[in-house]
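**Student:** Provided below for reference: sequence and predicted model.
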Amino acid sequence: MIPPRAALALPAQGPGGGPGGAMAGNLVAFGRILRRAGLPLGPAEILAGAEALRHVEIGERAEVKAALRAVMVHRHEQAELFDSAFDLFWRDPEAGRHAAAMALLEGFKEKAKPPPTSRRLAEAMRGDRRPPERPPEPQEERFDVTMTASERERLQAMDFEAMSAAEIAEAKREIRRLVLPLDARRTRRFRADPAGPATDLRATVRDSLRMGGEIARIARRRRIVRPPPLVVLCDISGSMTRYAQVLLHFLHAVTNDRDRVHAFLFGTRLTNVTRQLRARDAEVAFEMVSHMVPDWSGGTRIGDSLALFNRLWARRVLGQGAVVLLITDGLERDDPHGLSEAMDRLRRSCRRLVWLNPLLRYAGFQPRSGGIRAMLPHVHEFRPVHNLASLRELVASLSGPGRARA
Amino acid sequence: MLPASVEETQRLLAGGGYVADRALATTVHLALRMGRPLFLEGEPGTGKTEIAKVLAAQLPRRLVRLQCYDGMDLASAAYEWDHARQLMAIRLAEAAGDARDRAGLEQGIYDRRYLQPRPLLQALEGEPAVLLIDELDRADEPFEAFLLEILADFQVTIPELGTVRAATPPVVVMTSNRTREVHDAIRRRCLYHWVDYPDAARERAILQVRAPGLPERLSAQVVAFVQRLRGGDTFKPPGVAETIDWAMALQALDSRELEPARVDETLGVLLKYQDDIAKIRGAEAARLVAEARQDAG
């Protein structure tokens, strides 16, 4: 919250001529507008802004803008919003009062989350009575695109069944059991361990002082092992519709259980939903995800999506030995040549590329589709799931010994 | 002496051979005046590290550089006790028979003499410094948490010795290539600037400084070529560092003008991925050369 102007002890007119009086008032008003437009801004940023303005030429518009941007913007993604707000506000500081200007800025804001239609709350009110049976998978009847890859882009929103409290607990239990290939990665950090393989000289010296300089015990330590970053690329095209529910539960549970997880959804477009899925509350998370993603159950452009991922995200999220989990049925009508190239690049950019294919219903499958044939030579590990109806099966097939294809 | 205005800061950077645009000069100026760390993010090869080097050379201050890597710990970043010498000191104290006094022994062991300063501590002690924390995105989250104390108060707390505070706060420059998102807590303590690829005019100015003696015409064509290449679809677009290298390579080969054959031969200076080179080499390069010649007039 930005406190009202009176509560902020803005520095008075400095020796260099600075933001006292009207300028301070404008700065606070500008801060409020940025905050309303969705920029995370607190009193610290406003105070820093006031200090910054003392060091630049107030008459120089570009300088003022650069100064305020340096203290108020903390990420490259926020720069565009800041620039628009700056241009709007400092052309007319009264702009904040105009409804039209505010409406423009409101457009930048992420959709405010709706009041959670809390199924869990309802459950809690009902007590132990069992909820009525839900009609299974209504989406399936609505679209007949299941199992085919369509080149058309179909934009539609997706309704997700909220998770019940029991389902959430179950999901958490399942995710604990998840063991991915190469999951234990040695770091360069140590922790104390009496049975560790290395000596800890610092602790040994400290201990010995307690004994008057006598070394009675040699402290030992061991390297910390932690899982590598995980990047999940999940196909949400029409042919994958029936698995969307399970997959999204999986993504939410895994994002909240581990650190360093990045989740992307793709159909005809590529969307990074990591931030949305971080919401602890699954209902809130799904609501935000379905707002973000315009291409549920549409066509598939695996090659394009992967190429886009390679170009925009690979260098940002595949550092530190990341494991990539690609969840798709591989049904692609587009040119399989581009797909092959994109897969090759992806494999070279990460430490381990695991392909999980939920389409395969029987074990002795032959890769027929062009897309599957283009992708298969490039994955480190290929894991077909024959029946992906629950998180348990998904976790089991991911944790089992893999079939290497290299 | 710190510069008094943004213009002066811009001149200071230019004096060290760094062509900064107005926004960057303003941010650097504020970092110097407000005593806040500077956090520079951007694609590789856009001159982030160079800013720290130029600042150190121009202010002038000594440059203390900390290259980050995964799993970097206190021992390699801030300080380390010299355990071997400590143990030796304990033995000597025993031999001399004054090991009875435990408080005295403890003080003797945790003495400055046995402390080995690493870059972060070096930057706080002694002559005023420019501290360059390079590629922070390569370090892991625990290290970021440790940095918070240094960035906020310019001090390091050593449990056995006390708090070491900088007499003159160092100028701190942190860089990141965004291979990982750096935590908000770090960002909030810093002045943030996104270092973008320069526009054609500024890139020509950079070439003038960094590759002196380059024929005017060739310089304009090189810049036009690289700018077009960045607009295209490559896995890793070339940075300014690559432009400079390429211009110098062409100069060393006595080129007067861009020619498709020469470009093909030297493409490895500009592009560092085989897919990119294969895509550009040949017809695409010839097309870009023709366009670059037209752009350069």
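**Tutor:** Yep, that arrived.
**Student:** contacts, neighbours, all on C-alpha from now
**Tutor:** Will do.
**Student:** tally of neighbours for B:V173?
**Tutor:** A count of neighbours around B:V173, defined by other C-alpha atoms under 10 Å in any protein chain shown, yields 26.
**Student:** doesn't it belong to a strand?
**Tutor:** Yes - secondary structure of B:V173 (DSSP: H, G, I helix; E, B strand; the rest coil): part of a strand.
**Student:** what distance do you get for it to chain A?
**Tutor:** Separation of B:V173 from chain A (C-alpha to the nearest C-alpha, to the nearest Å) stands at 14 Å.
**Student:** what about the residue of the stretch 251-400 of chain A found nearest chain B, how many residues close to it?
**Tutor:** Taking C-alpha to the nearest C-alpha, chain B has its nearest neighbour within the stretch 251-400 of chain A at A:R316, 3.7 Å off. By other C-alpha under 10 Å, 15 other residues sit near A:R316.
**Student:** what's next to the helix or strand harbouring it, contact-wise?
**Tutor:** Using DSSP states H and E, A:R316 falls within helix A:314-317. Helix A:314-317 has contacts (C-alpha atoms under 8 Å, 6 or more residues apart in numbering or on different chains) with A:231, A:262, A:346, A:349, B:178-181.
**Student:** show me which residues of that helix are buried.
**Tutor:** A:314-315, A:317 (16 or more other C-alpha atoms under 10 Å in any protein chain shown).
**Student:** over to stretch B:163-180?
**Tutor:** Quick answer for stretch B:163-180 (16+ other C-alpha under 10 Å): B:165-166, B:169-180.
**Student:** got the CA coordinates for stretch B:262-280 in CSV?
**Tutor:** In CSV, the C-alpha atoms belonging to stretch B:262-280 read as follows (Å, rounded to 0.1, in the frame of the first residue of the first chain):
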residue,chain,number,x,y,z
ARG,B,262,34.3,-12.7,-47.3
VAL,B,263,31.2,-12.7,-45.2
ASP,B,264,30.9,-16.4,-45.6
GLU,B,265,34.5,-17.0,-44.6
THR,B,266,34.3,-14.9,-41.5
LEU,B,267,30.8,-15.7,-40.3
GLY,B,268,32.2,-17.7,-37.4
VAL,B,269,33.3,-14.5,-35.8
LEU,B,270,29.7,-13.2,-35.7
LEU,B,271,27.6,-16.3,-35.1
LYS,B,272,28.6,-19.0,-32.7
TYR,B,273,26.0,-21.7,-33.4
GLN,B,274,26.3,-24.1,-36.4
ASP,B,275,22.6,-24.0,-37.1
ASP,B,276,22.8,-20.2,-37.4
ILE,B,277,25.8,-20.3,-39.6
ALA,B,278,24.3,-22.9,-41.9
LYS,B,279,21.2,-20.8,-42.2
ILE,B,280,22.9,-17.5,-43.0
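**Student:** what does that stretch rub up against?
**Tutor:** Contacts for stretch B:262-280 (C-alpha under 8 Å, 6+ apart): B:234-238, B:242-243, B:245-246, B:249-250, B:281-282, B:285.
**Student:** sorry, back to before: next SSE downstream of the helix holding A:R316?
**Tutor:** In N-to-C order, the element after helix A:314-317 by DSSP H and E is strand A:323-327.
**Student:** and that next one, what does it pack onto?
**Tutor:** strand A:230-235, strand A:352-357 (3 or more C-alpha pairs under 8 Å, 6 or more residues apart in numbering or on different chains; DSSP states H and E).
**Student:** any idea of the mean pLDDT in the helix or strand following that strand?
**Tutor:** Stepping forward along the backbone from strand A:323-327, the first helix or strand reached (DSSP H and E) is helix A:336-349. When pLDDT is averaged along helix A:336-349, the result is 86.
**Student:** and for stretch B:57-68?
**Tutor:** What stretch B:57-68 shows for mean pLDDT is 94.
**Student:** swap in stretch A:26-37?
**Tutor:** Averaged over stretch A:26-37, pLDDT sits at 87.
**Student:** please apply the same query to stretch B:116-134.
**Tutor:** Rounded mean pLDDT across stretch B:116-134 is 94.
**Student:** that stretch: end-to-end distance?
**Tutor:** This stretch, stretch B:116-134, spans 21 Å end to end (C-alpha to C-alpha, to the nearest Å).
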